[in-house]
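**Q** Sequence and predicted model, in that order:
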Amino acid sequence: MSDQNTPPEAFDGSSDPASLGSPPPSSAPQFGPPPPGASPVGPPLPGVRPSGGSIPLGIGIGALGGLASWGLGTLSGRMSPGWELLTQLLGVIAGLIPIALVILGIVLSVMPATRRTGAGVLLSFGIGILIAGGVCVALLAGVLVG
């Protein structure tokens, strides 16, 4: 019996290897191209449905919505005096279109049949923010103004 004050016994390497069990197999994993006729990717996982929709369609929907919002905002800012109600209505609609696009993109992204279309709508929203920010910085820096 050993307690904490006695040094451990020295290991001389002469333990019985049979008590350790058999060694692992020495076969190396096989790498290389799959055999002819075999699919390089496995079968689809059970319960996983492929995504549907079209990313370019979603980008187009988002771009049209962004252009409509920009056009209505520009139009509401150039109205003649006396058209205050119409000016305010167009401004509210121009402000609600981007919010509706984000909600539409999220809803479409949740449904498997339209997942890619929703991703395209959300991508177009991000791309629009990036472009608008670049134009804003360029205008502030005086690059686009002669």
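**A** Nice, thanks for sending it over.
**Q** Where does pLDDT dip in the protein?
**A** Counting by pLDDT under 70, the low-confidence segments of the chain come to 1-4, 6-30, 34, 39-40, 42-45, 47-49, 144-146.
**Q** contacting residues around the most centrally placed residue in it?
**A** For the chain, the residue nearest the mean C-alpha position is A119 (7.4 Å; CA atoms, centre = their mean). Residues near A119 by CB atoms under 8 Å, 6 or more residues apart in numbering: G53, I55, G58, G105, S109. For every residue, glycine as well, the C-beta is placed using N, CA and C.
**Q** thinking I93 is in contact with W70, fair?
**A** No - using CB atoms under 8 Å, I93 makes no contact with W70, being 12.0 Å away.
**Q** Skipping its backbone neighbours, what lies nearest R116 in space?
**A** Excluding the flanking residues, the one nearest R116 by CB to CB, 6 or more residues apart in numbering is G53, at 3.7 Å.
**Q** and the one you found, what are its phi and psi?
**A** phi 100, psi -170 (degrees, to the nearest 10).
**Q** My understanding was that it contacts L122; is that so?
**A** No - contact criterion CB under 8 Å: G53 and L122 do not qualify, at 12.0 Å.
**Q** Closest one of the contacts of A119 to L89?
**A** Closest approach to L89 among the contacts of A119 (CB to CB): G105, at 24.8 Å.
**Q** Under a three-state scheme, what state does that closest one occupy?
**A** helix (DSSP: H, G, I helix; E, B strand; the rest coil).
**Q** residues touching it, list them.
**A** So G105 contacts G58, G62, G118, A119, V121, L122, F125 (CB under 8 Å, 6+ apart).
**Q** how near is it to A63?
**A** 13 Å (CB to CB, to the nearest Å).
**Q** Find residues that contact each of those two.
**A** If you check G105 and A63 against CB under 8 Å, 6+ apart, no residue is contacted by both.
**Q** Which secondary structure element is home to F31?
**A** Under DSSP states H and E, no helix or strand contains F31.
**Q** Count the residues that sit near it.
**A** F31: 5 surrounding residues under other CB atoms under 10 Å.
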